[in-house]
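A.B. asks: based on what follows, work out the 3D shape:
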Amino acid sequence: MDYSPSPNSSWVWRRICKVKHEIAPGYTDGIWHQQEGFSSAKCYDWLKGQAPKMKWERVVWTGWSFPKHNFLGWLWAHEALQTKSKLLNYGVVDEDTCQLCGMGSENQEHLFFDCPYSRRVIHKKLSDAKGMDIPTTNALEWCVNRQGSKVKKEVQYAMVVCVVYVLWQQRNTCRQEMVLVRPEWLAKRILNDMKARIRERDKSHLSIFYMEWLESKNLM
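C.D. replies: Numbers count the residues shown, from 1 in each chain. Got it, this is the predicted structure:
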């Protein structure tokens, strides 16, 4: 505990050594007293403390989504996507007009669910998927409070997260390359992504009822 790295040490080594000051309160006379025995996992749990389980974790980490969709959904749930309204607050951009429609402030709620372009994508997606529900406001709260069987809920979660992922990619393409595709094409891509994921997923545990339900929604 008395060791101090030299100023010439690498940043990584100095950061590793700094950890000892953060875990020092967990020791008394050189003995780790917060939990029985010591391990890096137990130390990490002790440092981060007890956090409530997030209600939306089942929404963004569903196995019916591609991992890349899951990750972006996690950023969306944390409101961590760098929308123009957020960049404006950082002083990075001069205005926050929505990149997709040119109307309204580009925050997450507008970009994914209030934007006229996004709504056209969702409307087209609803018809392609034969009645699959996709909310156009408070989507995360809607998903958390969704009722129904586990399979149907998780497929629905995957659909919402896929919509977020594809719209975010289109927003970035439009921002970087000034290319905005037709909403019908984007809706088709969402449907194809969902089909690709569902087809590669192990469905041996599903009953005939759910297999027929997926087919009825044009997801097989």
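A.B. asks: use CA for all of it now, contacts and neighbours both
C.D. replies: Noted.
A.B. asks: which stretch of helix or strand covers the spatially most central residue of the chain?
C.D. replies: The centroid of the chain falls nearest to G73 when counting by C-alpha atoms, centre = their mean (1.5 Å). Per DSSP states H and E: G73 is located in helix 67-77.
A.B. asks: so which bits of that helix are buried?
C.D. replies: H69, N70, F71, L72, G73, W74, W76, A77 (16 or more other C-alpha atoms under 10 Å).
A.B. asks: next SSE downstream of it?
C.D. replies: helix 84-90.
A.B. asks: send the alpha carbons of that following helix over as PDB?
C.D. replies: C-alpha atoms of helix 84-90 as PDB (Å, rounded to 0.1, in the frame of the first residue of the first chain):
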ATOM      1  CA  LYS A  84     -27.700  16.600 -32.600                       C
ATOM      2  CA  SER A  85     -29.600  18.100 -29.600                       C
ATOM      3  CA  LYS A  86     -26.900  16.500 -27.400                       C
ATOM      4  CA  LEU A  87     -24.100  17.700 -29.700                       C
ATOM      5  CA  LEU A  88     -25.600  21.200 -29.600                       C
ATOM      6  CA  ASN A  89     -25.400  21.100 -25.800                       C
ATOM      7  CA  TYR A  90     -21.700  20.100 -26.100                       C
END
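A.B. asks: and that helix, average pLDDT?
C.D. replies: The pLDDT scores in helix 84-90 average 92.
A.B. asks: so what touches it?
C.D. replies: Helix 84-90 has contacts (C-alpha atoms under 8 Å, 6 or more residues apart in numbering) with V93, D94, E95, D96, T97, C98, S105, E106, N107.
A.B. asks: circling back to that earlier point, let me know the closest of the buried residues of helix 67-77 to K55.
C.D. replies: Among the buried residues of helix 67-77, A77 lies closest to K55 (C-alpha to C-alpha), at 10.3 Å.
A.B. asks: how close does the closest one get to S4?
C.D. replies: Distance, A77 to S4, using C-alpha to C-alpha, to the nearest Å: 40 Å.
A.B. asks: just to revisit the earlier point, top of the contacts of helix 84-90 by number of neighbours, please.
C.D. replies: Counting neighbours by other C-alpha atoms under 10 Å, the top entry in those is E106, with 26 neighbours.
A.B. asks: for this protein, which helix is longest?
C.D. replies: Secondary structure of the chain read by DSSP state H shows that its longest helix is helix 150-177.
A.B. asks: show me what the very next helix or strand once past that helix is packed up against.
C.D. replies: Downstream of helix 150-177, the next assigned helix or strand under DSSP H and E is helix 183-200. Secondary-structure packing of helix 183-200 (3 or more C-alpha pairs under 8 Å, 6 or more residues apart in numbering; DSSP states H and E): helix 116-128, helix 150-177.
A.B. asks: contacts for the shortest one next, please.
C.D. replies: Applying C-alpha under 8 Å, 6+ apart, the contact partners of helix 116-128 are 100-101, 111-113, 132-134, 136, 163, 167, 183-184, 186-188, 190-191, 218.
A.B. asks: which of the residues you listed are buried?
C.D. replies: Neighbour-count burial (16+ other C-alpha under 10 Å) applied to these gives 100, 111-113, 132, 134, 136, 163, 167, 183, 186-188, 190-191, 218.
A.B. asks: fine by me, thanks again.
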